[in-house]
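K.L.:
Here is my input; please provide its structure:
(one chain, ligands or ions: 1)
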Amino acid sequence: MRKTIVAGNWKMNGTSESIRTLLADLIAGVPAVEGLVTLVCPPAVYLSQVKAQLGEAPVEVGAQNVSAHPLGAFTGEWSLAMLQDLGCDYVILGHSERRSLNGETDAEVAEKVAATLAAGLVPILCVGETLAQREAGETLSQVAAQIDAVLQRVGTEGFASVVIAYEPVWAIGTGLTATPEQAQEVHAAIRAQLAGSDAAIADKLSILYGGSMNAGNAAELLAQQDIDGGLIGGASLKADEFLTICAAAAESRK
Ligand code: PEP
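P.N.:
Numbers count the residues shown, from 1 in each chain. Purely as a prediction, here's the structure:
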């Protein structure tokens with residue numbers, strides 16, 4: 001059975017004090033269930049603090065981005081070696097906010113995925129369509145093209161260690177959520193795309209849904225056959241909401 005992953009993307013939110021409180025609540029309530037990975041992705045400046053507070057708690061730590069370069073004159077960036085140094089195992093890559101606000105291209109995202117795999121961390125590759133693309137009937141071709149750019153760079157074998165997050169851009173931070181059927185359609189298409197070259201890798205691939213997932217809609221989304229967890233923004237900043245989603249994810253494995 002593939003892993004179910006519930007990942008909190010805290011984006012650029014929190015202070016050392018608010019993070020301490022949020023984490024204490026998460027540690028107290030997080031379910032320890034075989035095959036369920038719970039993950040928080042704080043702002044990079046708080047990674048050390050989060051790692052230290054988590055101790056042996058069953059919560060993994062991820063970054064929200066990383067440079068594809070190993071070191072050097074890249075002011076404001078951080079490297080995979082630095083993330084490893086901090087004990088960070090996952091990296092969100094190609095989030096739509098980085099694609100739209102920082103101009104990250106498919107080719108740059110593919111380079112970051114390749115570098116992340118080479119360093120032994122797990123990339124969480126974000127893909128998704130804009131509202132205009134959905135309305136033009138281009139959802140599946142857009143998502144397939146974003147994945148294809150990475151496939152060309154790391155091959156299907158690379159996807160044995162990749163997690164994909166399908167995040168319709170129109171659903172991120174808007175309160176609009178893809179219906180379970182809309183999300184399932186895209187998740188199944190992603191799995192079929194990879195199954196075209198390796199059925200076993202496609203079957204093991206965890207594909208997360210992201211886009212206004214919350215305590216109220218998580219169970220229905222997570223019940224879909226090809227939805228293997230969530231990448232959660234806003235709702236990951238509230239311990240009770242996030243823990244309810246974790247509980248729904250644990251339930252979805254039964
Ligand atoms: C995200 O930023 O990845 C995300 C899914 O945000 P939200 O849950 O707030 O829509």
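
K.L.:
so who does Ala218 touch?
P.N.:
Shown in contact with Ala218 (CB atoms under 8 Å, 6 or more residues apart in numbering): Gly230, Thr244, Ile245, Ala248, Ala249. In short, each C-beta sits where N, CA and C put it, glycine included.

K.L.:
make it 6 Å
P.N.:
Ala218 makes contact with Ile245, Ala248, according to CB atoms under 6 Å, 6 or more residues apart in numbering.

K.L.:
how close does the residue of the stretch 1-150 of the chain found nearest the ligand sit to Thr139?
P.N.:
Relative to the ligand, the nearest point of the stretch 1-150 of the chain is Asn9 (4.4 Å; CB to the nearest ligand atom). To Thr139, Asn9 is 22 Å away according to CB to CB, to the nearest Å.

K.L.:
Tell me where this protein has helices.
P.N.:
Along the chain, counting by DSSP state H, helices occupy 16-29, 47-54, 80-85, 96-101, 106-119, 131-135, 139-158, 180-195, 199-204, 218-222, 239-252.

K.L.:
Grab the nearest non-local neighbour of whichever residue of the chain sits closest to the ligand.
P.N.:
Per CB to the nearest ligand atom, Gly233 is where the chain lies closest to the ligand, at 2.1 Å. Closest residue in space to Gly233, ignoring its immediate chain neighbours: Asn9 at 5.1 Å, by CB to CB, 6 or more residues apart in numbering.

K.L.:
Can you verify my assumption that the one you found contacts Val40?
P.N.:
No - counting by CB atoms under 6 Å, Asn9 stays clear of Val40, with 8.7 Å between them.

K.L.:
Contact distance from the ligand - what residues of this protein qualify?
P.N.:
Neighbours of the ligand within the chain, by CB under 6 Å from any ligand atom: 9, 167, 172-173, 210-213, 231-235.

K.L.:
of all the residues you listed, which two lie farthest apart?
P.N.:
Glu167 and Ala235 (13.7 Å; CB to CB).

K.L.:
These two: which is more packed in?
P.N.:
The residue with more neighbours, out of Glu167 and Ala235, is Glu167; 29 against 20, by other CB atoms under 10 Å.
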